[in-house]
Every structure is written in structure tokens, then in C-alpha cells.
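S.K.: structure, please.
(one chain, ligands or ions: 1)
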Amino acid sequence: MKILPLAAELNASLEKEAPAVLEMLSDLGRRLYFPKGIISQSAEAKAKAHRFNATIGIATEKGGPMHLASLQRYFQLEPKDLYPYAPTGGRQDLRDAWREKQLRENPRMRGKALGLPIVTAALTHGLGLASELFVNPGDRVLLADKLWGNYRLTFEVRQGGVIETFPLFDGPRFHRAAFAAKLEELAAREKKAIVLLNFPNNPTGFTPSRADADAIAQAVLAAAEKGLRQVVLCDDAYFGLFYDEECLPESIFGYLAGLHPNVLAVKLDGATKEEFAWGFRVGFITFGAAGKGSLDAVHAALEKKTIGAIRGGISSSPHPSQTVVLKALRSPTFEAERAEKKEVLRARAARVHEVLGKKEYEEAWTPYPFNSGYFMCVRLKGVDAEKLRVHLLERYQTGVIATDPADIRIAFSCLEVEQIEEVFDTMYRAWRELAGR
Ligand SMILES: Cc1ncc(COP(=O)(O)O)c(C=O)c1O
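M.R.: The predicted structure is shown next:
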């Protein structure tokens, strides 16, 4: 398919500054560019057309966006912060504020050349963009064997990637050896791989330790040195919800950005889970390349391709929720509110650990390690997870998720502390009925 001149310019810039990153792009990624069309002409007009501005496709009245009282009555916000299209890559002030938050919370990101976060319609959209930019049919996507099922749609069904997995756990720990061995194997047979790291993990609620993070970065570096080009996606959906001293208290993205020219780190994060704003659809995609060339030019080319993909897909993310998230980031009580909710979730996780200590449960399941996030998982003994799920629902009106033929995921994020014991007791009763005990 044809590569248009603006895309060719971006590709030439990547070829000059970071040839390995150009090699990581999918065919679609190579074709993408940001057009000098309505959006960029309007941006120019916004800066200079102080007399009359008849460019963009909104309607105005008395110097502001036209709007209806029936909508405005639900908002205290000014119409200018609600109704106009947000820029394709998101509000600049929100992007700057999110960058500040990332640096505040992730010491390892400081002092590195990074792209500015680009606003997405939350993490799924960011993952979809990454998939469009980097995944060609047949490309390998490496994931832990405990994974969020939606990755199959995003990477396999949409783009034709091929998911390969490594065992997440080695007893109670992150399986460093299996991760390193899998990357070594990929380096021996592939030129490129997508590596997706998701901590805190869905479905298990597991976050590795600082030493694990070092080992992960070492394994990625070793494969890069063998010539494997890696796009490492860091899905930080549950960022910050760490309940144990052992947990790596920041994103692994900071360990991977700037690591090696054959490694492009990509951070996906957002307000969805960490700010408890699931339906707002505010997320971000941030690039961290490496190499001797101008990384600013590399990030600029990747940004143009990304906003080209946004423009051609959803045009732009919703404006009202971007404004609200920005206001929250600037609120003096924002951090205290987050900390309070985190404590509520931490207390629930602690209660789950306590309840799981019951001796009788040992015949029914083994819990997987968990120390963070919204969930925990158990591995059932001798009973099919889907059968148990349906039985729990029909006999006990209790909903859990079967993530695997033997695994059940329990979202303690939506159970009150005092409900937790009953949920596990009910699950145990249901297990006994199915196991014939
Ligand atoms: C690991 C993980 N990533 C991403 C998402 C999606 O987040 P969003 O709602 O922001 O698209 C989820 C939601 O369940 C998730 O568990």
C-alpha cells in the first residue's frame, strides 16, 4: 500500500534518528501521518486569526461555543471547556499535568528523554493504538500466562499478532528465569517482538519486586543486545494500588525507557482505575525510545503517527472528561482522596489474606500471590472453574469470573470488608457440592 509523502517524511526522520524504531513499526504504522488538513489549519488560525475565525466545524455564538441549556445545566464548567473538540492528542494543559504526575510518582522516569503523554480514550484505546502502530500479522506478542482476556481482541483479532506466554509465577515470586528464557528464545527466532507487562496484574493482583524489575530490564537488555527489537508495552491500568512493601512502587516503564536502541518502551496509563473514573475514558500513551540520534525527533515522529491514528479512528477523545481530570489533578485534596481510597482497598486485600488462611480451604484451591490492584485469583483443585462460576451464580447469586479452566478471579475491589468472608465461604460450599464432599 502507498506511503504518502508526510508519512515518508516521518519514516525518514525515524530512519535517521532511530532506525530500529522504524523497523518496529507495522505496515500501518509506516503509513500513518498527521495530515495538514482541517485540524492543523485550524490550529494555525487559532493562533493568528484574531479577527474572524471561520475554520473548525463547531458553531459559535457571542464569542463562545453554541450550546443548549439542557446540557449546560448539568455542569459547573465553562462551555469552552466542554463543547469544543479537544485537540487530537488531548488538551495540552492536561498532557503537561499528567507528565508532572508521572515524574512525581515514578523516580526512574526522571531525567530521561520521553515523549509527552498523548491523551487516549482510556487504556484500551491506547493499547489499540499501540497495536495498530506496531503489530503486523504474525508478529509475536509476549505476555504472562495470567492475562487480561481483552488483549486477545486487541492484538490477535484486530491486528493478527500471535500471543505467546511465559509462566508469571515461580512459587510465590515473579518467574524471572521463564521470562528471560522466553525472550532469549524469541531473540533466536524473531527480529521483533511486542512484550506486554501488566503490573498490578489483571487477573492476579500481583506486582513484582524492585529486584524483579531489575531482572526484567536485564532480560530485555540481553535480548536487545542479541538484536531482538522490542516494543515493551507497560499496561499501568492499576498503577499506585500497591499494598505491600515488597511491591515495586513505580511503573516498570522507568526501567525500560532509554535502555537500548532496540527497545521502545510505551506506557499506557490513565484515570480509569487509579482515579476511579472508569466511564470517563481518559488515558494516555507515552513513548520512551533510546539511542544516539535525536530522541526528541523520534518522539515527535511517533506522536504524529499516533495522533494520525487517533484522527482516523475516533478523531479526538471526549473533552468534558479531560477537563474534569485536569481539575482533579490540580485539586489540593486530590492526593489525600486517592490515598484514602487506596487504604479502603488495602484493608480489603488484607482481609482476603486473613480469610484465605482457613485450613479447610486448602482442599479446594490454592491462591496465587497478590499484593496490589483490584483482584486476586485462586487455582481450583478438581473442579472446573466455569462449572463453579455458574453454580455460584445460580444457587448462591454470587458472581465471580472464570479466567481459565482452573482459575477463578475475585474482585475484592467491589466487596466490603465485612462481605469478604461470606463470599469465600460460599465459594467453598459451592466447591464442596461440585466436588462431592
Ligand atoms: C490490565 C488492564 N488494562 C486495561 C484495562 C482497560 O482500561 P480502560 O477502561 O482504561 O480502557 C483494564 C480494564 O479492565 C485492565 O484490567
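S.K.: list the contacts for the nearest residue to Gln159 once chain neighbours are set aside?
M.R.: Leaving aside its sequence neighbours, Gln159 sits nearest to Val135 (Cβ to Cβ, 6 or more residues apart in numbering; 4.0 Å). Just so you know, the C-beta spots here come from the backbone N, C-alpha and C atoms, and that holds for glycine as well. Neighbouring residues of Val135 by Cβ atoms under 8 Å, 6 or more residues apart in numbering: 26, 141, 155, 159-161, 194.
S.K.: pull out the buried members of these.
M.R.: For these, a neighbour count by 16 or more other Cβ atoms under 10 Å gives the buried set as 26, 141, 155, 159, 161, 194.
S.K.: among the residues you listed, which lie within strands?
M.R.: 141, 194 (DSSP state E).
S.K.: let me know the closest of the buried ones among the contacts of Val135 to the ligand.
M.R.: Phe155 (12.4 Å; Cβ to the nearest ligand atom).
S.K.: what pLDDT is listed against that closest one?
M.R.: On pLDDT, Phe155 comes in at 98.
S.K.: just give the nearest non-adjacent residue to it, would you?
M.R.: Nearest to Phe155 is Gly161, by Cβ to Cβ, 6+ apart, at 4.1 Å.
S.K.: relative to Arg152, how far out is the one you found?
M.R.: Per Cβ to Cβ, to the nearest Å, Gly161 is found 9 Å from Arg152.
S.K.: what's the following helix or strand after the lowest-mean-pLDDT helix or strand in the chain?
M.R.: Least confident helix or strand, the chain: helix 38-48 with a mean of 79, by mean pLDDT, DSSP states H and E. Remark: after helix 38-48, the chain's next helix or strand is strand 60-61, criterion DSSP states H and E.
S.K.: which residues are contacting that following strand?
M.R.: Counting by Cβ under 8 Å, 6+ apart, Met66 sit against strand 60-61.
S.K.: who does that strand pair up with?
M.R.: As defined by DSSP bridges, the strand partners of strand 60-61 come to strand 64-65 (antiparallel).
S.K.: flag every residue of the stretch 1-150 of the chain that's near the ligand.
M.R.: 122-124, 148 (Cβ under 6 Å from any ligand atom).
S.K.: in the protein, which residue sits furthest out from the middle?
M.R.: Arg51 (42.8 Å; Cα atoms, centre = their mean).
S.K.: so how far is Ser40 from that one?
M.R.: For Arg51, the distance to Ser40 - Cβ to Cβ - is 20 Å.
S.K.: can you check Ile56 too?
M.R.: Distance of Ile56 to Ser40, computed by Cβ to Cβ: 11 Å.
S.K.: the two: which is more packed in?
M.R.: Neighbour count, other Cβ atoms under 10 Å: between Ile56 and Ser40, Ile56 has more, with 16 against 12.
S.K.: excluding chain neighbours, what is closest to that one?
M.R.: Among residues not flanking Ile56 along the chain, Ser42 sits closest, at 4.3 Å (Cβ to Cβ, 6+ apart).
S.K.: what is the neighbour count of the one you found?
M.R.: Around Ser42 there are 18 residues (other Cβ under 10 Å).
S.K.: so for the closest residue to Glu105 other than its chain neighbours, what's the pLDDT?
M.R.: In space, Glu105 comes closest to Glu250 once its chain neighbours are excluded; the distance is 6.4 Å by Cβ to Cβ, 6+ apart. Per-residue pLDDT puts Glu250 at 98.
S.K.: next up, the contacts around Glu250.
M.R.: Here Glu250 is in contact with 105-109 (Cβ under 8 Å, 6+ apart).
S.K.: among those residues, name the buried ones.
M.R.: Neighbour-count burial (16+ other Cβ under 10 Å) applied to these gives 105-106, 108-109.
S.K.: can I assume Leu196 sits in a strand?
M.R.: Yes: Leu196: assigned to a strand according to DSSP: H, G, I helix; E, B strand; the rest coil.
S.K.: how near is it to Lys80?
M.R.: The gap separating Leu196 from Lys80 is 38 Å, by Cβ to Cβ.
S.K.: for Ala435, same thing?
M.R.: 62 Å.
S.K.: cool, and Gly382?
M.R.: 62 Å.
S.K.: where does the residue nearest to Gln159 land on pLDDT?
M.R.: For Val135, the pLDDT comes out at 98.
S.K.: hmm, back to that, dihedrals phi and psi, the residue nearest to Phe155?
M.R.: Here is the backbone geometry of Gly161 (degrees, to the nearest 10): phi -70, psi 160.
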